[in-house]
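**Q** Predicted model follows, preceded by the sequence.
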Amino acid sequence: MTTKDPTTYSDPTQGKIKHIDFKIKVDFDKHILDIEATYQLDKPISGTLFLDSYKINLKQAQANDRALTWEFDLDDEVLGQRLQLQGLDNDSSFKLVFHTSPEARALQWMKPSQTAGGEHPFLYSQCQATHARSIFPCQDAPSVRFTYSAEVEVPSALRAVMAAEQVDGDEGSGRFTFKMPQPIPSYLFALGVGNFAFRELGPRTGIYAEPEIVDAAAWEFAETEATMKEAEKLLGPYLWDRYDMLVLPPSFPFGGMENPRLTFLTPTAILGTRGQTSLITHELAHAWTGNLVTNATWQDFWLNEGWTTYAESRITEILEGRDAHDLHAAYNAADLLKIMKRAGVDSPATCLYSPDKNPEEDVSTIAVAYQKGRDFLVECEIAVGRERFDVFIQKYMKSFQFQSLSTEGFLDFLKAELPDVFGKVNVQKWVYEPGMPDDWHKPHSHLFEEVQKALENYKQGKRPSREQVQDWHRYQTLSFLQGLSNVIPVDDCKYFEDILDLEKKNDGGFFSLFFAICVASNYQEILPRVEKFMGSVGRMLYLFPIFRAMITTEWSREQARPLFERVKEKHHQITIKRIDGLLKQAGL
Ligand code: BES
Ligand code: ZN
């Protein structure tokens, strides 16, 4: 089935790219990749082929030693330039020679000063959702899958890693070769170049990071092999051979990115406590939910993230226990309700699927795909019982592995396999309508309730004591900060910071909520610390709440833009674009 995808200029009915052989030269001086790419199609094509591209500098195109002509025509800020490759004559293969632009959206070139070691440059890619086209012309749509090989040339002091199998290349050789035998959609193409050390974590797992932080990273994520075993019990065999991770510089705009075989990670998850291992569980779960069974278009994004959040919570239940699982779920539910309230009850952004929402651009409501998606699947599970649902999960993975699936396609499968779900769960409402259905089984947690009581007492004038909070679970602290009203006395800000040990715990998740409260509460002396935080943490999820608070609070409103300009160079271009948009929207 071919679904109309509004985020691509390509037309997969013309024929699909099946395989690409890359030769890539990484140029840290010019900030470009020099690339020769040979494409194989699934059928011979005559005439013109439409491809996505973004600021690609095309130098040569040929098919069977015949020169091809081309034209970059349709041009759009987001979609990029449509590349018309012309003169194909029953060809099932063609070759392009080109280089990327220093402004390629998928590539982040970091100066040595922006790395942990401070001596070597660092390059990393981020293709989800529509940025692969800035690395190579392609059908940049999640419904098209291809295999690839790559020869990568880098400065000899550095190492290249890809979301693929390394077949050749030694440290110091400056030459690394990879192959990706499992077909992937373009958004899962990934490359990293830098000064990396490697630590093995288990027979199938390991971690790459700069030498300065690799041991801390290896300790933090040491449980990955055990997580894989649980994931396989739930989702079926792991079909990507190895699972390694790459720790990126702090500018990385996400917590993690599920690049196949090689998850990309924020260094802010290294807390020295193993307190954010659910991040790994999440990215690992994507190896099935997202990477094996892929959303057909970005409109179906909830299929990737809702399923992954569901799988993550099932695995957390086993690894961290029922209490921790319930606490996560209750916290996430409260977060979801807060987001929905802010968006407005009728906002299409609160639907799982709506033709009127743009999942990639709506950062402030992106959690709907994750949490409402997960909660919908929990409803389905409750309707038929866990045993039957577990059989369904494995069949689902097997039936659609290495395929893309639309929301409709998923619901058809659900109807065929578990028809009774539709008698018990209002599927239409869950998927296509805004807000949460009234009969939602809202998660309950006694650990969460304990925090709600502390919040209630605080409202009555009784602050919690240090003893009361010192053994709190990470998500209890998060729940407490989440539940505080936006404006509290400055003195209480200082008190909570002290008893919650925020400085020592150095957890970006805590600071994100805490600083937003401080700003709203007129705690003006906090600003230099806020600035330091904003200049050292790239994770958008953490930055946005603080900027939102600054924009909506009188004393800080005018300072938001200048602060952003001062910390801007520390950030990823995606982050810069988004925050710039947020400020502009606020008239700043
Ligand atoms: N695939 C996403 C990150 C992403 C989403 C990149 C949309 C580009 C566009 C990744 O799996 C993710 O969900 N990361 C979360 C992790 C968290 C939910 C545990 C993040 O970065 O916050
Ligand atoms: Zn995810």
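**A** That came in fine, so what should we check first? Ligands and ions are numbered 1, 2, ... in the order given.
**Q** Stretch 315-326 near ligand 1 at all?
**A** No - against ligand 1, stretch 315-326 shows no contacts by Cβ under 6 Å from any ligand atom, the least distance being 10.7 Å. To be clear about C-beta, it is placed using only N, CA and C from the backbone, and glycine gets the same treatment.
**Q** Please identify the buried residues of that stretch?
**A** Ile315, Thr316, Glu317, Ile318, Leu319, Glu320, Ala324, His325, Asp326 (16 or more other Cβ atoms under 10 Å).
**Q** got a list of what Ala216 touches?
**A** Ala216 is in contact with Ile270, Gly272, counting by Cβ atoms under 8 Å, 6 or more residues apart in numbering.
**Q** doesn't it fall inside a helix?
**A** Yes - assessed with DSSP: H, G, I helix; E, B strand; the rest coil, Ala216 lies in a helix.
**Q** Roughly how far does it sit from Leu411?
**A** Counting by Cβ to Cβ, to the nearest Å, the gap from Ala216 to Leu411 is 44 Å.
**Q** ok, back up a step: Serialize the buried residues of stretch 315-326 to TSV and add fields for secondary structure, distance to Ile499 and pLDDT.
**A** Below are the buried residues of stretch 315-326 laid out as TSV (DSSP: H, G, I helix; E, B strand; the rest coil; distance: Cβ to Cβ, whole Å; pLDDT from 0 to 100):
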residue	secondary structure	distance to Ile499	pLDDT
Ile315	helix	32	98
Thr316	helix	27	97
Glu317	helix	30	98
Ile318	helix	32	98
Leu319	helix	29	97
Glu320	helix	24	96
Ala324	helix	22	97
His325	helix	26	98
Asp326	helix	24	98
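**Q** burial measure for the residue nearest to Ile213 when sequence neighbours are not counted, as a count.
**A** Once flanking residues are discounted, Ile213 sits nearest to Ala116: 5.1 Å by Cβ to Cβ, 6 or more residues apart in numbering. Per other Cβ atoms under 10 Å, the neighbour tally for Ala116 reads 19.
**Q** one step back: from the buried residues of stretch 315-326, pick the one nearest ligand 1.
**A** Thr316 (10.7 Å; Cβ to the nearest ligand atom).
**Q** Nearest spatial neighbour of the closest one, chain-adjacent residues omitted?
**A** The spatially closest residue to Thr316, leaving aside those adjacent along the chain, is His325, at 5.1 Å (Cβ to Cβ, 6+ apart).
**Q** need the contact list for that neighbour.
**A** Going by Cβ under 8 Å, 6+ apart, His325 touches Ser313, Thr316, Glu317.
**Q** Now do the contacts for the residue of the stretch 51-200 of the chain found nearest ligand 2.
**A** Ligand 2 sits closest to Gln128 of the stretch 51-200 of the chain, with a gap of 9.1 Å, by Cβ to the ion. Counting by Cβ under 8 Å, 6+ apart, Gln128 makes contact with Tyr187, Leu188, Met257.
**Q** cutoff 10 Å now
**A** 106, 142, 185-190, 254, 257-259, 290, 298, 301, 304, 360 (Cβ atoms under 10 Å, 6 or more residues apart in numbering).
**Q** same check, this time on Arg145
**A** Applying Cβ under 10 Å, 6+ apart to Arg145 gives the contacts 16-18, 139, 182-186, 188, 294, 402-404.
**Q** Spell out which residues of this structure are next to ligand 1.
**A** Within the chain, the positions adjacent to ligand 1 are 128-129, 254-258, 279, 282-283, 286, 305, 360, 370, 541 by Cβ under 6 Å from any ligand atom.
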